[in-house]
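> Following is a predicted model, sequence given first.
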Amino acid sequence: MITVAARPRDGVLDVLSVTFGRVLRAHAVSVSPSEVIEIRRVMDIVGAADIDRLRSGLCCVCVKYAYERPGFGRAFDMFFRGSDIGVDNLAQPRPRGAADVLPDDVAWDDDFTGAARMIGADEHTDEVGDLMADDPDARERHGESAHREENDFSVSAGAEQLAVDTDTESVAGGVTYTIEVSEADSASVGELTGEATRVRGTPIGLRDAAAILRALDSYDARRAYGTDDGEGLSDRHRAELVKALNAFIEALGQRLAAQPGDTTHVDDGPDPVRVDQADIDRACHRLVQRMRGAPRRVARRADHGGLDMRRTMRASVATDGVPLELWRRIHRKGPVRLLLLADVSLSVRPVTGFILRLAQTLHRVGGRCEVIAFVDRPVLVTDALRAANADSALTAVLAADGLDLAATSDYGSVWEELLDSYGDLVTKRTSVLVVGDARSNGFSPRAELFAELSRRAHRVAWVTPEPARYWAQTGCGLKEYAPNCAGVVSARDGAELVRRCDELGNALS
Amino acid sequence: MITSTTTATEPKAFDTVEELSAGLADQGYLIDDELAVVVHLATLLDRPLLLEGPAGVGKTELAKSLAVAAGRELIRLQCYEGLDEARALYEWDYARQLLHVQMLRDRISGELAVESSLAGASKALARTDVGVYTEDFLVPRPLLAAITSTVPTVLLVDEIDRTDEAMEAVMLEVLAERQVTVPELGTFVARSVPWVILTSNDTRELSPALKRRCLHFQVDYPDAERECRIVAVRAPAVEKSVIERVVGLARDLRELPLRKSPSIAEVIDAARAAAHLGDGGQDATHRRVLLSLLVKFGSDLDIARRSIETAAVQSNVQSSEPAGSGTSSAFGLGRARSAERAQRR
């Protein structure tokens, strides 16, 4: 062992290590005070003469998980190399996914159903649709949202008003109204965008109106990219969009021109896809960490549990037949066996990519993980998913033989075929995780088959992209499935899943 | 569990990272620069070093080489599912204790004969130290052996992810305090601070408590140039061009989604095999033979062969198909298959 020579204590290093610890925490690298002490020791020993060496030293002290590595890299570069990562931008909520790489003056609509339709459907469908006569009632008949509630009232012009008569209120507990303000035709950042605000009882007075206005003022338009209604753009909006796109293309061209030799990497802060993947990795790690397989009985030398006579007698041979070692059968958690059922239908397409990447990562983390994708019938896609990388997961699974993406979701027939064809995948040791919106488009949800599935499995949990208030709607079977689930979690992306994965892990244990 | 010892020479400390790298290179271990800094820090800070990474990247070999290079004794604890304290820490030698008591039986009976009552004899027996709970009857297992060793040691806790969380908790005291408590005897504190190296194949997430007590390093496969040098050191008789070819093949295989990627040891074996094959594994048949040395699962072999055949076809046929997005082509494929199936029905 080498003893480091005692030197007068350097106060600068104390300050540096504590500050660096804070910077690390700000970049989602959780360092404890004892690790800050280690940071100081490493700074003292290694010094800053060789910055790469210092980086290696600090990395091994601070980074305990793979998902912390990018955060550490950014924190280190900012702290020791002075690289600017745009702190102002980080303060604002950023759109996730591909939208993050676009300039702010272009709204990227992840939820735009037209995009999904174009990907999923035959490319000729839209052209045929254009030839058909315009149906003025179609919009009203189909509704703008698949999740529209029955008594919705839309105010589309300034002249219309909505009043609530509280005198007719007959429910003792009061009535809950949901006021949803849509940003009809807004195309510039900062205008009102859709957010549901819940108010209770009583007529809307001046104070309430002021509160609503305050809530709307505090609304950040950046979070709402994706709710913009793309129909009926005026010439002005169209011109703005063209201008923004031109600016984007120009900026992209400049960046590419600036790096003629390397077009694969554009250094403009953290890569959103990687950050998202880091979220998913983190969620999976936590999930697997929280999950416990079905318990099994193993023989151990322990103080509790039923006596294992065979092992005890065998052990007593060494001690002249005196059973000094008592072997008992105790319950231990078994290995995690997971079956993931992923809905890949059009209605949940915006989250399909995320779900499959999650499945892929889970498959990598948890040893035994089977993945079944379904729209109207289940298809085992484990091999296809394993053979694909993170970027091509969606492509690989959607191309799986037997998966008809144009079909209509039918959870009832999925359960039926699952139990018939893949019944051997569901055992008392299997934890089943279903990912989907439970919307069967009018077909019977067959909750009794789901109950059968739940009975056969160790645990069943459900991840849905929809918030709980939509679960009881007509067409959504989640309300019927929920009693047979150990847990139902609403999550739309990695960050949300990280927040809920403890709950999910407990449900699957 | 294996407790192996090396013939320890004079213990030696490494003053600089370069000295450490050179010492390991003398033992045939070419260490990555970043890992060298981390190992050096671990020896300076007296902290356990947790190495995580896929199987066959040289984690265990590092501990062995480090022990030889530093002139320390290597004590190895091979973890497995079901490993308990008795196999990791210490165990009482019950057989010898029983024998000891039986040999003293007549003497004990004689001494107790003077007591008039049973209660008195019982109390006298309780007061008497029969001497069964002494260090003589304690069988030290690797963790205790490392703590009580009089010479400096390297403690290798191999594949810790195979044990359960309870065993991790047992190790916390050893790793953090470098002491082992035996209730009947007291606490053994380390006479010489062992250098502790833990390895994990990352098949299970280790507990945060364990990770917090260790320096952490993710070991990955070496780059092509360093891997060639490693193979050249371990298989000096093989030509450089053959080594490069085999390493290139192994690196291609590692890009594929295999259940088990080729380890460095397997690459060394494959390089030796390629040297014996005459043409250095250039022939297609020979390449398939090399695959059997590098790929160990049937499903992996299918993927590897398919990939090699596809690569060969792609290199022959210039792509003239219209470019399209991956997703749209995938939809076309799935749709075409569905249509075919419908027609068959």
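Okay, I see it.

> Against residue B:171, how distant is the residue nearest in space to the middle of chain B?
Central residue of chain B (CA atoms, centre = their mean): residue B:158, 3.7 Å from the mean position. According to CB to CB, to the nearest Å, residue B:158 stands 13 Å off from residue B:171. For glycine as for every other residue, the C-beta is placed from the backbone atoms N, C-alpha and C.

> which residue sits farthest out from the middle of chain B?
residue B:116 (61.1 Å).

> Just the element for that residue, please.
Assigned by DSSP states H and E, residue B:116 falls within no helix or strand.

> and it, what pLDDT?
Residue B:116 carries a pLDDT value of 86.

> that older thread, give the full set of residues in contact with the residue nearest to the centre of chain B.
Residue B:158 makes contacts with B:60, B:63, B:76, B:77, B:78, B:79, B:199, as judged by CB atoms under 8 Å, 6 or more residues apart in numbering or on different chains.

> restrict the residues you listed to contacts with chain A.
Taking CB under 8 Å from any CB of the partner chain as the test, chain A is in contact with none of the contacts of residue B:158.

> Just the ones in strands from those, please.
B:76, B:77, B:78, B:199 (DSSP state E).

> Just the closest of those to chain A, please.
The closest of the ones in strands among the contacts of residue B:158 to chain A turns out to be residue B:199 (CB to the nearest CB; 14.6 Å).

> nearest residue to the closest one other than its sequence neighbours?
The shortest distance from residue B:199 to any residue other than its chain neighbours is 4.1 Å, reached at residue B:59 (CB to CB, 6 or more residues apart in numbering or on different chains).

> Next, count neighbours for residue A:357.
22 (other CB atoms under 10 Å in any protein chain shown).

> Please apply the same query to residue A:69.
Count around residue A:69 with other CB under 10 Å applied: 16.

> And it, how close does it get to chain B?
Noted for residue A:69: a distance of 8 Å to chain B, by CB to the nearest CB, to the nearest Å.

> Distance of that residue relative to residue A:429?
Taking CB to CB, one finds residue A:69 at 34 Å from residue A:429.

> Please convert the ones in strands among the contacts of residue B:158 to CSV, extending it with pLDDT and neighbour count.
Shown next, in CSV, are those (pLDDT from 0 to 100; neighbours: other CB atoms under 10 Å in any protein chain shown):
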residue, pLDDT, neighbour count
B:76, 94, 21
B:77, 93, 26
B:78, 93, 17
B:199, 94, 25
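
> So in terms of bridging, what pairs with the residue nearest to the centre of chain B?
Beta-bridge pairing for residue B:158 (DSSP bridges): residue B:78.

> Quick check, pLDDT for it.
The model's pLDDT for residue B:158 equals 93.

> for chain A, what spans make up the strands?
Taking DSSP E as the criterion, chain A carries its strands at A:176-181, A:195-200, A:295-301, A:306-307, A:327-333, A:337-343, A:368-374, A:378-380, A:430-435, A:459-464, A:487-490.

> what do you get for the stretch 51-200 of chain B?
B:73-78, B:90-92, B:138-140, B:153-158, B:179-182, B:186-189, B:195-200 (DSSP state E, counting those that start in this stretch).

> Need those strands in JSON lines (columns: distance to residue A:470).
Compiled in JSON lines, these are given as follows (distance: least, CB to CB, whole Å):
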{"stretch": "strand B:73-78", "distance to residue A:470": "53"}
{"stretch": "strand B:90-92", "distance to residue A:470": "60"}
{"stretch": "strand B:138-140", "distance to residue A:470": "63"}
{"stretch": "strand B:153-158", "distance to residue A:470": "51"}
{"stretch": "strand B:179-182", "distance to residue A:470": "57"}
{"stretch": "strand B:186-189", "distance to residue A:470": "60"}
{"stretch": "strand B:195-200", "distance to residue A:470": "43"}
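
> returning to what we had before: which residues touch the residue nearest to residue B:199?
B:51, B:53, B:197, B:199, B:219.

> Apply 7 Å and report the result again.
B:51, B:53, B:199, B:219 (CB atoms under 7 Å, 6 or more residues apart in numbering or on different chains).

> Against residue B:220, how distant is it?
Taken as CB to CB, the span from residue B:59 to residue B:220 is 11 Å.

> residues bridging contact with those two, i.e. touching both?
residue B:53.
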